[in-house]
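> Let me see the structure of the following:
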Amino acid sequence: MFSEQYRPAQSRRLCMKLLTAAAAACAFFSALPLSATAADGLGNWPDKPIRIVVPFTPGGSNDVIARRLAQSLTTSLGTSVVVENKGGAAGVVGSAVVANSQPDGYTYLFVSATLATSAATQNPPYDTLKAFDAVARVAEAPFVMLTRKDFPATTLTDFIQYVKKHPGEINYGTTGAGDSGHLLTELFSSMCGLKMQQVGYKGVNPAQLDLVAGRLDFMITTLASIGGTPAAELPKLAFTGGAREPEFPSVPTVQEATGLSYDVKVWWALLAPSGTPDPVMEKMNKAVTRIVEQPEFKKFLTSLGATASPSSRAEMTAQLKQDVEVFTQTARRSGITVAHK
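Next up, the predicted model:
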């Protein structure tokens, strides 16, 4: 079977030499330093487009801020960053899309504190505190209480008295059951002894349009949402933060107008599906923080009535956990249905 020049014994010796040489080569190359991308766990990330899901229709504060952030991230990361709007169920529909996405560093959720209120008042198809990993907080802002232009009351005190005299006759707009506007309005109503009717929409923009048209009476929203829209001209009864807004010095806070301890703010943050690699999350956190700290971006946020508020991953994680707990307790006290998981 074998020629005189290539016998079995010689074959075995040759195989042993080849195996020895291969082992030596492996040891040599394994001792070489890893490339920078391999060593930091990033691989070639990002080497394809990144998408940021906004769980609301276009035109609201989530959408406006997310698009500006995506534009800056495209330049910073050197890859296309696109925004996709997937509204419905007070943000649950779009949030579920991200919760069920591959944690590969190419899908993110840009959302406000509505994520926490939805967790407290709905039964989303995901566990809010387990389905997402916080990347970074971007901004904070107080809410503003608005009425339609021809509403009989022009101050918050008069509004409270009017609603008390017309229980169940005044309606207010939200982006769906369990969103921030819903929970905060019900909390305010319970503190003042009011009864109003909620009207849900798929996004903040259509709700604000109905308020402008006079089909709604009242709404709690943000300056970021109404900025550059007809809703910006609507009467402002009060802000929900702890201090007056410099742009509207004549508009009081709720606490000033009523004496109630009602100091709440909305935040906007970037999150990723749980399990997204830490090196990717850290790089994204640093990229977001650098952008938010830029004077141009701060000026942009200020024009929307928001304040730059970058955070570490751990800080945003702690805030989300705290808000879910606080909003759940508030929802129970206010009589809003709470999901029991």
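> any idea which helix or strand comes after the helix or strand where Met284 lies?
Assigned by DSSP states H and E, Met284 belongs to helix 278-292. Moving toward the C-terminus from helix 278-292, the next helix or strand (DSSP H and E) is helix 295-303.
> pLDDT (mean, whole number) over that following helix?
Average pLDDT, helix 295-303: 94.
> Just the buried positions in it, please.
For helix 295-303, burial by neighbour count (16 or more other CB atoms under 10 Å) applies to Phe297, Phe300, Leu301, Thr302. C-betas here are computed from N, CA, C, even on glycine.
> Would you mind pulling the contact partners of the next helix or strand along the chain from it?
Next helix or strand after helix 295-303 toward the C-terminus (DSSP H and E): strand 307-308. Applying CB atoms under 8 Å, 6 or more residues apart in numbering, the contact partners of strand 307-308 are Val138, Ala139, Glu140, Ala141, Val292, Glu293, Phe297, Lys298, Leu301.
> with those residues in mind, which one is nearest to Ser189?
Nearest to Ser189 out of the contacts of strand 307-308 is Ala141 (CB to CB; 22.0 Å).
> Can I take it that the closest one is in a strand?
Yes: assignment of Ala141 by DSSP: H, G, I helix; E, B strand; the rest coil places it within a strand.
> The nearest residue to it once chain neighbours are set aside and Val54, how far apart?
Nearest residue to Ala141, sequence neighbours excluded (CB to CB, 6 or more residues apart in numbering): Ala306, at 3.9 Å. To Val54, Ala306 is 16 Å away according to CB to CB, to the nearest Å.
> Could you do Gly335 as well?
Distance, Gly335 to Val54, by CB to CB: 30 Å.
> Between those two, which has more neighbouring residues?
Neighbour count, other CB atoms under 10 Å: between Gly335 and Val54, Val54 has more, with 28 against 10.
> Specify the beta-bridge partners of the more buried one.
Note on Val54: beta-bridge partners Asn85, judged by DSSP bridges.
> Isn't it up against Gly94?
Yes: the pair Val54 and Gly94 passes the contact test of CB atoms under 8 Å, sitting 6.6 Å apart.
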